[in-house]
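**Student:** This is a predicted model, with the sequence first.
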Amino acid sequence: NAGVTQTPKFQVLKTGQSMTLQCAQDMNHEYMSWYRQDPGMGLRLIHYSVGAGITDQGEVPNGYNVSRSTTEDFPLRLLSAAPSQTSVYFCASSRDRDYTSTDTQYFGPGTRLTVL
Amino acid sequence: TQLLEQSPQFLSIQEGENLTVYCNSSSVFSSLQWYRQEPGEGPVLLVTVVTGGEVKKLKRLTFQFGDARKDSSLHITAAQPGDTGLYLCAGEAVYNNNDMRFGAGTRLTVKP
């Protein structure tokens, strides 16, 4: 199992450009989510999905779109990048959203994005 | 302000010392998790606590969930350089649709 994979690992964009951050998992997990991590802020939830075809907003969804056409993939789209979106982005997956179980939430290695 | 406040923000100790880091909130959580993150990598789950007053041990690490489910602590006995990393607490706030919220973390350095 590769676990959770993210591409690219690094990306530099100019203000106004668009791009898609890719996330895939091979554990047949239903729940997937995107976080951004900024210094002194911890991880903040952007969007999440409880299964194929179902997505919902997290704490900081503005400026980001997601879709979930398959169980395996959960891409994050920036339609018009802004310097405030400079951050490290992590994708995560788990069997379901029930954190009271012993199930583990697995994180990808992250994408470091800089918007100039 | 963070929903989960972690303290201290930074901690530097010598190998063999004991330490405790804290995760506090004014909100009630249905569960709380502790993660460890190394530079350039994603967080790795250490433990999930669910019941108020629960204590879990993982080798030299002891995790406690407060009786009111508003706070948690992580105690490390005889710290080793391999314990160096960023320790994050995260939880689902009962009032907040159970969205996962993270603290800002405690950055621990253990010197040999």
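**Tutor:** Good, I have the coordinates. Here the structure is a predicted model, which is why all the values come from computation and not from measurement.
**Student:** Which residues are in contact with the closest residue in space to B:Gln14 that isn't next to it in sequence?
**Tutor:** Nearest residue to B:Gln14 in three dimensions, chain neighbours excluded: B:Lys111, at 5.4 Å (Cβ to Cβ, 6 or more residues apart in numbering or on different chains). For glycine as for every other residue, the C-beta is placed from the backbone atoms N, C-alpha and C. Taking Cβ atoms under 8 Å, 6 or more residues apart in numbering or on different chains, we find B:Lys111 in contact with B:12-15, B:81.
**Student:** which one among those residues gets closest to chain A?
**Tutor:** B:Ser12 (17.8 Å; Cβ to the nearest Cβ).
**Student:** Residue of chain B closest to chain A, please.
**Tutor:** Residue nearest to chain A within chain B (Cβ to the nearest Cβ): B:Gly42, separated by 3.0 Å.
**Student:** How about the contacts made by the closest residue to that residue other than its chain neighbours?
**Tutor:** Leaving out its chain neighbours, the residue that sits closest to B:Gly42 by Cβ to Cβ, 6+ apart is A:Phe107, at 3.0 Å. Contact partners of A:Phe107, counting by Cβ under 8 Å, 6+ apart, are A:4, A:90-92, B:42-44.
**Student:** and these, which of them are in strands?
**Tutor:** Per DSSP state E, strands hold the following members of the contacts of A:Phe107: A:4, A:90-92, B:44.
**Student:** ok, and the closest non-adjacent residue to the residue nearest the centre of chain A?
**Tutor:** Geometric centre of chain A, nearest residue: A:Trp34, 2.5 Å, by Cα atoms, centre = their mean. Among residues not flanking A:Trp34 along the chain, A:Ile46 sits closest, at 4.4 Å (Cβ to Cβ, 6+ apart).
**Student:** right, and the helix or strand after the one helix or strand A:Ser33 maps to?
**Tutor:** Element membership for A:Ser33 (DSSP states H and E) is strand A:31-38. Using DSSP H and E, the helix or strand that follows strand A:31-38 in sequence is strand A:42-51.
**Student:** and chain A, which residues reach chain B?
**Tutor:** Counting by Cβ under 8 Å from any Cβ of the partner chain, chain A comes close to chain B at A:4, A:33, A:35, A:40-45, A:48, A:58-59, A:90, A:92, A:97, A:99-100, A:102, A:104-110.
**Student:** Show me what from chain B comes close to chain A.
**Tutor:** Counting by Cβ under 8 Å from any Cβ, the residues of chain B that sit close to chain A are B:2, B:4, B:30-31, B:33, B:40-45, B:48, B:50, B:88, B:90, B:92, B:98-105.
**Student:** Filter those residues down to the buried ones.
**Tutor:** By neighbour count, with 16 or more other Cβ atoms under 10 Å in any protein chain shown, the residues of chain B next to chain A hold B:4, B:31, B:33, B:42-43, B:45, B:48, B:50, B:88, B:90, B:92, B:98-105 as buried.
**Student:** So which of those are in strands?
**Tutor:** Short answer: these in strands (DSSP E) are B:31, B:33, B:45, B:48, B:88, B:90, B:92, B:100-102.
**Student:** Adding pLDDT, write the residues you listed out as TSV.
**Tutor:** Below are these laid out as TSV (pLDDT from 0 to 100):
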residue	pLDDT
B:Ser31	87
B:Gln33	93
B:Leu45	92
B:Thr48	90
B:Leu88	97
B:Ala90	93
B:Glu92	83
B:Met100	81
B:Arg101	88
B:Phe102	93
